[in-house]
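Student: Got a predicted structure here, sequence first:
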Amino acid sequence: QQQVKQSPQSLIVQKGGISIINCAYENTAFDYFPWYQQFPGKGPALLIAIRPDVSEKKEGRFTISFNKSAKQFSLHIMDSQPGDSATYFCAASKGGGFKTIFGAGTRLFVKA
Amino acid sequence: NAGVTQTPKFRVLKTGQSMTLLCAQDMNHEYMYWYRQDPGMGLRLIHYSVGEGTTAKGEVPDGYNVSRLKKQNFLLGLESAAPSQTSVYFCASKERVNTEAFFGQGTRLTVV
């Protein structure tokens, strides 16, 4: 019930294309869903986050789509750029809980 | 503003040796966490703290101990290092539950 399942494990996209990463969760008590971006040799950093009262959140080229009934959420990167090449982690946490549960990560490579 | 600082950045240990990893944050955050990152496994929680003087076990606590004597510092100890503890270790802090986690740059530990 505490798991967050992330797919795909790795992704190769052409420059200008759309990158899509999917996550699924079991625990309906989760109410905060962040995505973290990690470049090689660096710590993860928050990219964008959503709470379940909205179905979509957009920040620049990055969009989170959230489907509460299916218990799924996804990250879309529009007009993907080589600089977006990184590892992306989805995560979930719940109010009153101290822990964040992370997905296994997706390594994205954007070909120039 | 330094954020979250981890020392050391790299370390090689022999099996059976001990060491302490230091995490320091200057954001006055209550919550601090130690994770390990292994290929294909995402970020797994080792131990965490919800305030000065408190610690709690995470997903994979065996072989590790922690202390939070001061609010700004969270120490991770390995009493008798094993090759299975070869990993990249990340410290993180949060101001409140269900908010952004701020990560350090990581410590790459190799146990031979």
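Tutor: Thanks, I have the structure now.
Student: so how far is stretch A:94-108 from its chain's centroid?
Tutor: Centroid separation for stretch A:94-108 versus its chain: 10 Å, with C-alpha atoms, centre = their mean, to the nearest Å.
Student: measure that stretch end to end?
Tutor: 27 Å (C-alpha to C-alpha, to the nearest Å).
Student: State the mean pLDDT of it.
Tutor: Averaged across stretch A:94-108, the pLDDT comes to 88.
Student: Quick check, central residue of chain B?
Tutor: Nearest to the mean C-alpha position of chain B, by C-alpha atoms, centre = their mean, lies B:W34 at 3.0 Å.
Student: remind me which residues of the chain are low pLDDT?
Tutor: Going with chain A. Along chain A, the parts satisfying pLDDT under 70 run over A:1-2.
Student: To clarify, I was referring to chain B.
Tutor: Within chain B, the ranges that satisfy pLDDT under 70 run B:1.
Student: ok, which residues in it are in contact with chain A?
Tutor: For chain B, the contact set with chain A under C-beta under 8 Å from any C-beta of the partner chain comprises B:4, B:31, B:33, B:35, B:40-45, B:48, B:50, B:56, B:58, B:90, B:92, B:97-101, B:103-106. Yep, even glycine has a C-beta here, placed from its N, CA and C like the rest.
Student: With adjacent residues omitted, what lies nearest to residue 36?
Tutor: Just going to use chain A. Distances taken as C-beta to C-beta, 6 or more residues apart in numbering or on different chains place A:P44 nearest to A:Y36, at 3.8 Å, with adjacent residues excluded.
Student: actually chain B
Tutor: Ranked by C-beta to C-beta, 6+ apart and with sequence neighbours excluded, the top spatial neighbour of B:R36 is B:S87, at 4.3 Å.
Student: chain center to the helix or strand hosting A:I20, what's the gap?
Tutor: Using DSSP states H and E, A:I20 maps to strand A:19-25. Relative to its parent chain, strand A:19-25 has a centroid offset of 6 Å by C-alpha atoms, centre = their mean.
Student: mind listing what that strand pairs with, with the direction of each?
Tutor: Using DSSP bridges, strand A:19-25 pairs in its sheet with strand A:4-7 (antiparallel), strand A:72-77 (antiparallel).
Student: can you pull the buried residues of the shortest one?
Tutor: In terms of neighbour count (16 or more other C-beta atoms under 10 Å in any protein chain shown), strand A:4-7 has its buried residues at A:V4, A:Q6.
Student: And the last one, by the same measure?
Tutor: Buried residues in strand A:72-77, defined by neighbour count with 16+ other C-beta under 10 Å: A:F73, A:S74, A:L75, A:H76, A:I77.
Student: ok and the residue in chain A nearest chain B?
Tutor: A:G43 (3.2 Å; C-beta to the nearest C-beta).
Student: I figured that residue hits B:F103, correct?
Tutor: Yes. Between A:G43 and B:F103 a contact is recorded at 3.2 Å, counting by C-beta atoms under 8 Å.
Student: okay, and the common contacts of these two?
Tutor: Shared contacts of A:G43 and B:F103, defined by C-beta atoms under 8 Å, 6 or more residues apart in numbering or on different chains, comprise B:V4, B:F90, B:A92.
Student: out of those residues, which are inside strands?
Tutor: Using DSSP state E, the members of the shared contacts of A:G43 and B:F103 that fall within strands are B:V4, B:F90, B:A92.
Student: Export those to a markdown table and append columns for distance to B:K71.
Tutor: Output for those, formatted as a markdown table (distance: C-beta to C-beta, whole Å):
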| residue | distance to B:K71 |
| --- | --- |
| B:V4 | 13 |
| B:F90 | 19 |
| B:A92 | 15 |
